[in-house]
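Q: Based on what follows, work out the 3D shape:
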Amino acid sequence: MPSSTDEETFRRVFGPCDWSVMAIVARGGESYARLRFNAGPGGQVPIAMEVDWERFAQEVIDLDGQMNEVFTAWQDEYGQNIFEQVWAMEPSPALQA
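A: This is a model prediction of the structure:
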């Protein structure tokens with residue numbers, strides 16, 4: 001389950017988003033996931049989540065010696081697709097009077 005710090009961070013960082021997902025994977029293997037949305041009436045719903053540790057372990061073995069390339073490719077893809085967007089609002093004509 002999320003801690004109070006998790007909840008506060010989720011609210012502060014993702015609160016204004018149309019939708020967001022909190023996903024937590026604990027060291028002991030437990031997991032937690034929740035979808036939160038602000039569109040329409042807004043709400044939140046738990047999401048079933050399972051980590052396939054066996055497959056993950058095999059992926060790590062299969063990528064032995066290639067992790068630097070994998071991380072570099074991920075960073076390149078991230079840099080090509082994620083951009084900061086700054087929103088500027090035009091002042092209302094009523095406020096300019």
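Q: The longest helix seen in the chain: how far from the chain's middle?
A: When the chain is scanned for its longest helix (criterion: DSSP state H), the result is helix 67-81. Counting by Cα atoms, centre = their mean, to the nearest Å, helix 67-81 is centred 17 Å from the centre of its parent chain.
Q: Stretch 29-41 now?
A: 11 Å.
Q: State the distance spanning the first to the last residue of that stretch.
A: 34 Å (Cα to Cα, to the nearest Å).
Q: thinking again about what came up before, neighbouring contacts of the longest helix of the chain?
A: residue 63 (Cβ atoms under 8 Å, 6 or more residues apart in numbering). Backbone N, C-alpha and C define where each C-beta goes, glycine included.
Q: can you check stretch 14-24 too?
A: With Cβ under 8 Å, 6+ apart as the criterion, stretch 14-24 contacts 2, 6, 10, 31-39, 47, 49.
Q: Bridge partners for the residue positioned nearest the centre of the chain, pull those for me.
A: In the chain, the residue lying closest to the centroid (Cα atoms, centre = their mean) is residue 21, at 5.9 Å. Note on residue 21: beta-bridge partners residue 35, judged by DSSP bridges.
Q: and the gap between it and residue 62?
A: Per Cβ to Cβ, to the nearest Å, residue 21 is found 27 Å from residue 62.
Q: Equivalent analysis for residue 68, please.
A: For residue 68 relative to residue 62 (Cβ to Cβ), the value is 15 Å.
Q: Flag the shaky bits of this protein, pLDDT-wise.
A: Residue ranges of the chain with pLDDT under 70: 89-97.
Q: Strands along that one, start to end?
A: Per DSSP state E, the chain carries strands over the ranges 19-25, 31-37, 43-46.
Q: Using JSON lines, please lay out those together with distance to residue 74.
A: Converted to JSON lines, the strands of the chain look like this (distance: least, Cβ to Cβ, whole Å):
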{"stretch": "strand 19-25", "distance to residue 74": "17"}
{"stretch": "strand 31-37", "distance to residue 74": "21"}
{"stretch": "strand 43-46", "distance to residue 74": "28"}
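Q: Cheers, nothing more for now.
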